[in-house]
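>>> What follows is a predicted structure for the sequence shown.
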Amino acid sequence: ATNLHVSLHTADPGEGGDQTTNEATYTSYARVAVSRDSGGWTVSGNAVTNAAAIVFPEATGGSNTITHFGVGVAASGAGQLLYSGALTASLAVSTGTEPQFAAGDLDITED
């Protein structure tokens, strides 16, 4: 895969979940493609972080409370979820909110 797709979730998608499990549903929500190279991710040992900001579409309606993120292989639909994790603080999304992870804010560590 050339890109990985970052998703937002309203609850833990769990080990058996896919990219649609508890996925955000606010109006205009879409997963964000991040290239699988040094422009998209910084890798050091078994730790990975986003190299650039990951900016989701601004909510144009509806609302969600985002508690988790996911990283998977599909731009839409029930793709394979490779990683997921809890946010350090939940994010209330409503009209006008533009969720995002600043560069270096999305950290994934493999055991």
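Nice, thanks for sending it over.
>>> I'd like to know how many residues surround the residue lying closest to residue 56 once chain neighbours are set aside.
Nearest residue to residue 56 in three dimensions, chain neighbours excluded: residue 99, at 4.4 Å (CB to CB, 6 or more residues apart in numbering). The way it works is simple: take the backbone N, C-alpha and C, and place the C-beta from them, glycine included. As a burial measure, residue 99 scores 21 neighbours (other CB atoms under 10 Å).
>>> list the contacts for the residue of the chain positioned farthest from its centre?
For the chain, the residue at maximal distance from the C-alpha centroid (CA atoms, centre = their mean) is residue 45, at 21.6 Å. With contact set as CB atoms under 8 Å, 6 or more residues apart in numbering, residue 45 has no partners.
>>> what about the longest strand in this protein?
Taking DSSP state E as the criterion, the chain has its longest strand at strand 81-93.
>>> Give the residue spans of this protein that score low on pLDDT.
By pLDDT under 70, the chain contains no weakly predicted segment.
>>> So in that sheet, which strands flank the longest strand of the chain, and in what orientation?
Strand 81-93 has these partner strands in its sheet, going by DSSP bridges: strand 64-72 (antiparallel).
>>> what residues are up against residue 62?
Residues in contact with residue 62 (CB under 8 Å, 6+ apart) are 25-27, 94-95.
>>> Select from these every entry located in helices.
With helices taken from DSSP state H, there is no overlap with those.
>>> May I ask which of the residues you listed has the most neighbours?
So for the contacts of residue 62 (other CB under 10 Å), the most neighbours sit at residue 26, 22 neighbours.
>>> Could you verify my assumption that that residue touches residue 93?
Yes - assessed by CB atoms under 8 Å, residue 26 is found in contact with residue 93 at 5.2 Å.
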